[in-house]
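In: generate coordinates for the sequence data below:
(4 chains)
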There are 2 protein chains.
Amino acid sequence: MKAQKMAGHLIRRLNQVSTHTFAKQLQEAGFDLTPVQFAAMDAIASNPGIDQAGVAAKIAYDRATIGGVIDRLEHKAYVARSISKRDRRAREVRLTPKGQAVFDAVLPHVTALQDDILQALDDSERASFLALARKALGEGAFE
Amino acid sequence: MKAQKMAGHLIRRLNQVSTHTFAKQLQEAGFDLTPVQFAAMDAIASNPGIDQAGVAAKIAYDRATIGGVIDRLEHKAYVARSISKRDRRAREVRLTPKGQAVFDAVLPHVTALQDDILQALDDSERASFLALARKALGEGAFE
DNA sequence: ACAATTTAGTATCTACACATACCATATGCG
DNA sequence: CGCATATGGTATGTGTAGATACTAAATTGT
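Out: Residues are numbered from 1 along each chain as shown, chains lettered A, B, ... in the order given. Predicted structure coming up:
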């Protein structure tokens, strides 16, 4: 049995390729954002004032991980945290104007690079792959 | 644009599911092995005496990462390192008898769990997905 | 033979990823 | 009201994951 043929291994390698493509393209475009940081900014951009647990739920992160991700975004001054008035435990997160500008500038690059990840597939294969991936994850589970 | 619909994000979540399935199943079966550690052992089992760079190449790891992985396997006494006689820089890696026994015992579990990762897909969908994944990675690139 | 280059491995640094434990605050319920 | 329980966030520890830099050893070119 070759581990290299197994589903888990193929998925891990796809993730490597995906991460690498993302890092390379964004770096060439002059940005300093990881895939995870981008996903967090996307969730925050769509839900201003969301709390950290909300961000974690949206993009299926561990809540312990999200703290560090948001720390780094805050350090770059892309997001701001404030204590919620409803619940003093919760930290509401918003993009700063700078963060919003970066997000707007980055978005087209990120959108464009998605096809590069599956560059070896043609359009119909890519569509099939993505449809199967969504189904495997339980369509709409994290809509 | 929702990051949650993008290829990169779907792949990241598949990898989460995959890793989680692996960890859960092996833990329930009483083993202490990560997906990466298993893949390394698989490569070593198939190529006794392979050096670390060889393992890294087989399973597409960074050579900086493999050192730590093999450290942990060595610490569990699953593998043994020895300095190559051909090349004194190289460390030849082999499974210990204990490592071989663990590998043999784990292999059927790992094989069985592969389908659980894509449990939401039926057999033909799963086959399509895996074929597309292989093609996306460049079929045979790491055979 | 020997300098220039390449390669194997390690060390360091940043960034996930998740388990567990802990603190503070909310909330449910008797 | 008062307590048990649940939840938001942080802290800690282990394990990838890859960039960069460094040492030692092998290889290449002349």
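
In: any idea how many residues pack against A:R81?
Out: 15 (other Cβ atoms under 10 Å in any protein chain shown). Every C-beta, even on glycine, is put in place using the N, C-alpha and C of the backbone.

In: report the buried residues of the helix or strand harbouring A:G67.
Out: Secondary-structure assignment from DSSP states H and E places A:G67 in helix A:63-75. Buried residues in helix A:63-75, counting neighbours by 16 or more other Cβ atoms under 10 Å in any protein chain shown, are found at A:66, A:69-70, A:72-74.

In: redo those residues as TSV? Include pLDDT.
Out: Shown next, in TSV, are the buried residues of helix A:63-75 (pLDDT from 0 to 100):
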residue	pLDDT
A:I66	95
A:V69	97
A:I70	97
A:R72	96
A:L73	97
A:E74	96
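
In: and the residue nearest the centre of chain A?
Out: The residue lying closest to the centre of chain A (Cα atoms, centre = their mean) is A:A39, at 2.4 Å.

In: please verify my assumption that it contacts B:L10.
Out: No. A:A39 is beyond contact range of B:L10, at 11.4 Å (criterion: Cβ atoms under 8 Å).

In: neighbours of the residue lying closest to A:G8 once chain neighbours are set aside, just the number please.
Out: Leaving aside its chain neighbours, A:G8 sits nearest to B:S18 (4.5 Å; criterion: Cβ to Cβ, 6 or more residues apart in numbering or on different chains). Residues near B:S18, counting by other Cβ under 10 Å, number 25.

In: same check on A:R86?
Out: The number of residues near A:R86, taken as other Cβ under 10 Å, comes to 8.

In: what's the distance between it and A:G49?
Out: 10 Å (Cβ to Cβ, to the nearest Å).

In: for A:G30, same thing?
Out: On the measure of Cβ to Cβ, A:G30 and A:G49 end up 29 Å apart.

In: grab the nearest non-local neighbour of A:G99.
Out: That would be A:Y78: by Cβ to Cβ, 6+ apart, it lies 3.4 Å from A:G99.

In: which element is the residue nearest to A:G8 on?
Out: Using DSSP H and E, B:S18 falls in helix B:7-28.

In: show me what that helix is packed up against.
Out: Applying 3 or more Cβ pairs under 8 Å, 6 or more residues apart in numbering or on different chains; DSSP states H and E, one finds that helix B:7-28 makes contact with helix A:7-28, helix A:35-46, helix A:97-117, helix A:123-136, helix B:35-46, helix B:97-117.

In: indicate which one of those helices is closest to DNA strand C.
Out: Closest to DNA strand C of the helices and strands packed on helix B:7-28, according to Cβ to the nearest atom of the strand: helix A:35-46, at 3.3 Å.

In: quick one: the closest one to chain centroid distance?
Out: Once both centres are worked out by Cα atoms, centre = their mean, to the nearest Å, helix A:35-46 turns out to sit 6 Å from its chain's centre.

In: could you tell me how far whatever helix or strand comes next after that helix lies from the centre of the chain?
Out: Beyond helix A:35-46 in the direction of the C-terminus, DSSP H and E gives the next helix or strand as helix A:52-59. Mean-position distance between helix A:52-59 and its chain equals 11 Å (Cα atoms, centre = their mean).
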